[in-house]
Structure formats: C-alpha cells, structure tokens
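Asks: pasting a predicted model and its sequence here:
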Amino acid sequence: MIEGLVFIFIFQSLGELFSHFIFSLIPGPVIGLVFLLIFLFIRGNVPASIDWVGSSILQHLGLLFIPATVGVVLYLPLLQTHAWGIALALLVSTIATVAVTSLVLKFMASADGEQNHHD
Amino acid sequence: MTNALPPMTEIWVYLSGSPLLALVLTLSAYLLGLSVYEKSQRHPLANPVLIAVIVVAVSITVLNMPYAKYFEGAQFVHFLLGTATVALAIPIYKGFESLRSRMGVLLLALIAGGVTSIAAAVGVAKLMRVDEALVRGLWAKSVTAPIAMGVAERIHASPTLTAIFAVSTGILGAVLGRFVLNACGIIPWWQRGFALGVASHGIGTSRAFSVHPQAGTYASLGMGLHGMVGAVLIPRAASFFYS
C-alpha cells in the first residue's frame, strides 16, 4: 500500500515541478497523470500496489470534493440571486452534452459499420 | 467528580483548534451520505457528495465555524484531489488497450461534447444575464472536479464555484443521462457509457459502473480523456473568448 502511494506521490510531485518551472499552462496533477500514463505504457502493465492505491482513491473520489464544495456557503447570496439562470444553464448543458456526444458516436460508428460487431 | 472533567467550553476550544474536528465532520458526513445512498438502492438523487456537503455546510453554520477555519482542517482531504487526478492514468491505461481501434471516433465525440458543454452552459447563462463571476465558473464544469479546479484558477474563475457546478453537473448527468440516451436511440453500452463520462465525469462514471461494467470502463475513459484534453484546451479557449 505504502509503495503504491509513494509511487503516485512521486508522479504528482514531478507533475507539480514540471508545471511550476517549465509548463505552467497545465495543472501539475494533469502532467503527473500524463507521466504516469507514459510510465504504464512503457512498463506494459499496472503494478499491483499502484493499482490498489489508485483504485481505492478513485472509488471515493466524491469524498475529496467535499471540502471545496462546502465553499458554497460563501456564495449562497450570489447563487440565490441567479438560481434560475444557473439551474437552466446546467440543465441544458448537461442534456445537450450527453445527446451530442452519444449521437456523434452513433453516427460515426454506423459509418464504420461498427455496430455489427458486439463486444 | 465534576472536577475530574475540564469544562465543556475548554474541550470545545481545544477541538476546534485542531484539524480533527473538520476531518471528522467531513468523513462522517460522507459516511452518512454513503449509507443513505445504499439504503435508497443507489438512487442518483441521493448522491452521497450532495448529502455530505449539505450536512457539513449546515454543521459549520450551526457551530459558527468560518469556512476558512473549516478548510484549514479539511485541506488534508482536499489535498488528495491531486493524487486522485494522477491516479486517473490507471483507468485510462486499462481502457486504452481494448479501445485503441475506436480512439479516433471517441476523440471526435469528446471534442464535440466538450464544446457543446461550454457553449450551452455559457450561452444560456449569458442569455439569463447571470453574474460574470458565476459564468466563468461554468467553463470547466464538465471536467472532473480535481482538474476543473486547476483549470478554474488558470481562467480566473473561482475553484469553489467550479467545483459546485461540476458536482451539480455530475448529479444531473447521473439522473437524466438514461432518459436522454433513450430519447436519442443509443443502444450499445460503450456509447452510453462514454457519453455519460464525458458529460458528467466521476458521478456519471460511478453511475455507469453500477449499470454495466462496459459502460463504466468507457465512462472512465471519457472522464479521463475529457480531463486531459480540457486541461489543455479550456484555458486557451477561455483566454481567446475573454481577450
């Protein structure tokens, strides 16, 4: 467990360093993600310790959002004033995104004749 | 006997000075959310994050604890968001091997979906004359929250607002996704899963996993790819738009 955690922390640190000193346009953790991805491709499999720690963290991803999201208390008056606009924007955007993404897949896949092979 | 225990107020001062209170509050609110979610047969509206956020927000208001004070303790949980982002490489890697042949189609759908998400959210919000600070928070909301918050800082949006919108989007996608996909006549699990992952990231992905494993794999790929591509493209698109 500790081994996997140290591994992921090292990639996270590398990402942060890279983002801070070389390429600040992309957040450090995303660069860390890319580094880890490259490492996994070179290695050809996911070491069990990394897999275990990574899966455990991702399984409870929701927990990690809580501290930041509780910040809603700071924005309540502003959000209340614009509640309808925000609600409508989120609703329309979510429905449109699901629809557009899935329809592009559907038409591209049928153009490839891909809907015939099931897997 | 009464002298054996320090007065309640002293215990309180001690506890509220350490990160323990915020940590216990955050973790137990999450556990409560999880158990409600399980008891409701995983109903998407009984989202554990939503429940936990309401419980914590009400608690700190009742305890008269300023948000900054709460965050001082809860930052240890918050810190792991970056670690979780790095760990997203694992589902992307695992998915990639079996999805290689479809990569072109998936990337195209991802770009179309990502652009739609921003255009629709920002467009509707502007039409409804929503405050500019809130509109900026909408840009990154379809990207998974840890990445969305990093992107938010780069486009001068509030990471907090972005996180709130990201979580709301996730819940909306998990609740409504099924109906939209049925209305569009989408049948294959991989298409349903990927669309859900692109539109509503982590919460949509865990929903997809609970419906079908293949939908879940494609959803986590959709979420991971959207995070990577969004981190690169959203700050550029936003700076072009606001310059």
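Replies: That came through fine. Numbering: from 1, shown residues only, chains lettered A, B, ... in the order given.

Asks: could you see whether chain A lies near the longest helix belonging to chain B?
Replies: If you go by DSSP state H, chain B has its longest helix at helix B:213-242. Yes. Helix B:213-242 is in contact with chain A by C-beta under 8 Å from any C-beta of the partner chain, via B:222, B:224, B:227-228, B:231-232, B:235-236. Where C-beta positions appear, they are placed from N, C-alpha and C, glycine not excepted.

Asks: my guess is A:Gly85 meets B:Met128, correct?
Replies: Yes. Assessed by C-beta atoms under 8 Å, A:Gly85 is found in contact with B:Met128 at 3.1 Å.

Asks: compare those two (neighbour count), which wins?
Replies: Between A:Gly85 and B:Met128, A:Gly85 has the larger neighbour count (other C-beta atoms under 10 Å in any protein chain shown), namely 19 against 15.

Asks: and the more buried one, what helix or strand is that in?
Replies: Assigned by DSSP states H and E, A:Gly85 belongs to helix A:83-111.

Asks: list the buried residues in that helix.
Replies: For helix A:83-111, burial by neighbour count (16 or more other C-beta atoms under 10 Å in any protein chain shown) applies to A:85-86, A:88-106, A:108-109.

Asks: of those residues, list those near chain B.
Replies: A:85-86, A:88-106, A:108-109.

Asks: check the gap between B:Ala120 and B:Trp189 for me.
Replies: Going from B:Ala120 to B:Trp189 by C-beta to C-beta, to the nearest Å gives 25 Å.

Asks: wait, A:Ile86
Replies: 32 Å.

Asks: could you pull out the helices in chain B for me?
Replies: Using DSSP H, the helices found in chain B span residues B:8-17, B:20-39, B:48-62, B:67-87, B:89-99, B:103-127, B:132-138, B:145-154, B:159-183, B:189-211, B:213-242.

Asks: excluding its backbone neighbours, what's nearest B:Leu221?
Replies: B:Gly95 (3.9 Å; C-beta to C-beta, 6 or more residues apart in numbering or on different chains).

Asks: per-domain residue ranges of chain B.
Replies: Following automatic domain parsing, chain B resolves into domains at B:2-86, B:94-242.

Asks: tilt between the helix holding A:Gly85 and helix B:189-211?
Replies: Here the directions of helix A:83-111 and helix B:189-211 differ by 130 degrees (axes from the mean of the first three to the mean of the last three C-alpha atoms, to 10 degrees).

Asks: appreciated, that's everything.
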